[in-house]
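Novice: Quick one, what's the 3D model for this:
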Amino acid sequence: MWILTATKCTATTAQARDRFAVGVGCDRGTSAASIALAVGAALAVAGIAADTVSAIASSEHKADEAGLHEFAASQGWPLHFFAASELDGVAVPNPSPAALQHAGSASVAEAAARLVAAGGDLLVGKQKYRGDDGKHVTVAIARITHTDHTTAPDPSSGAV
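Specialist: Alright, predicted model coming up:
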């Protein structure tokens, strides 16, 4: 069973040339399948095709999450991780005390999406999902701001 808790969604009609970045927060041990369902649902909420996603990102606290790595690899999306101090430097509409407690930052999904999108606008505020296994996944989507959509963020920013 999936339970969706939607927050403010500011998605606008995407143009064909637009590229997007996905930010993800998840429980320890979340499977690639649970992440895939959550990301797919968030993309559907915004009317964004998976082939327009250029990158996925999370907190450095999730750098060892096998499910996150497996999902990113299955999509062919580069996976980036950001330190809590980097995430905390990003303005987000939906900060979370739970994220602050567990990841050391008041935002993971929204901040990571904006960081990997080079500061782009947040189109989909955090969407919360819970799978049959009870694992939680939080997803946010930002529009990439740079004009060369083939250029990934600087690897020194924590890209893996």
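
Novice: Regarding the residue positioned nearest the centre of the chain, what is its secondary structure?
Specialist: Nearest residue to the geometric centre of the chain (Cα atoms, centre = their mean): G23, 1.1 Å. Following DSSP: H, G, I helix; E, B strand; the rest coil, G23 is assigned to strand.

Novice: from here on, count from 14
Specialist: Okay, using 14 as the starting number, the last item reads as G36.

Novice: looking at it, it is touching A125, isn't it?
Specialist: Yes. Between G36 and A125 a contact is recorded at 3.6 Å, counting by Cβ atoms under 8 Å. (C-beta placed from N, C-alpha, C; glycine too.)

Novice: The lengthiest helix in the chain: which residues count as buried?
Specialist: Across the chain, the longest stretch assigned as helix under DSSP state H is helix 45-59. For helix 45-59, a neighbour-count test (16 or more other Cβ atoms under 10 Å) marks 45-52, 54-56, 58-59 as buried.

Novice: Also stretch 71-82?
Specialist: In terms of neighbour count (16+ other Cβ under 10 Å), stretch 71-82 has its buried residues at S71, S72, E73, H74, K75, E78, G80, L81.

Novice: re earlier: okay, and the common contacts of G36 and A125?
Specialist: Shared contacts of G36 and A125 (Cβ atoms under 8 Å, 6 or more residues apart in numbering): A70, S71, A153.

Novice: Take those residues and write them to JSON lines, including distance to E99 and pLDDT.
Specialist: JSON lines is the format used below for the shared contacts of G36 and A125 (distance: Cβ to Cβ, whole Å; pLDDT from 0 to 100):
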{"residue": "A70", "distance to E99": "10", "pLDDT": "98"}
{"residue": "S71", "distance to E99": "12", "pLDDT": "97"}
{"residue": "A153", "distance to E99": "15", "pLDDT": "98"}
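
Novice: for the chain, what helix or strand is lowest in average pLDDT?
Specialist: Counting by mean pLDDT, DSSP states H and E, the chain has its least confident helix or strand at strand 18-19, which shows a mean of 46.

Novice: Could you find the closest non-adjacent residue to T158?
Specialist: Using Cβ to Cβ, 6 or more residues apart in numbering and skipping residues adjacent in sequence, the residue nearest T158 is G133, 4.2 Å away.
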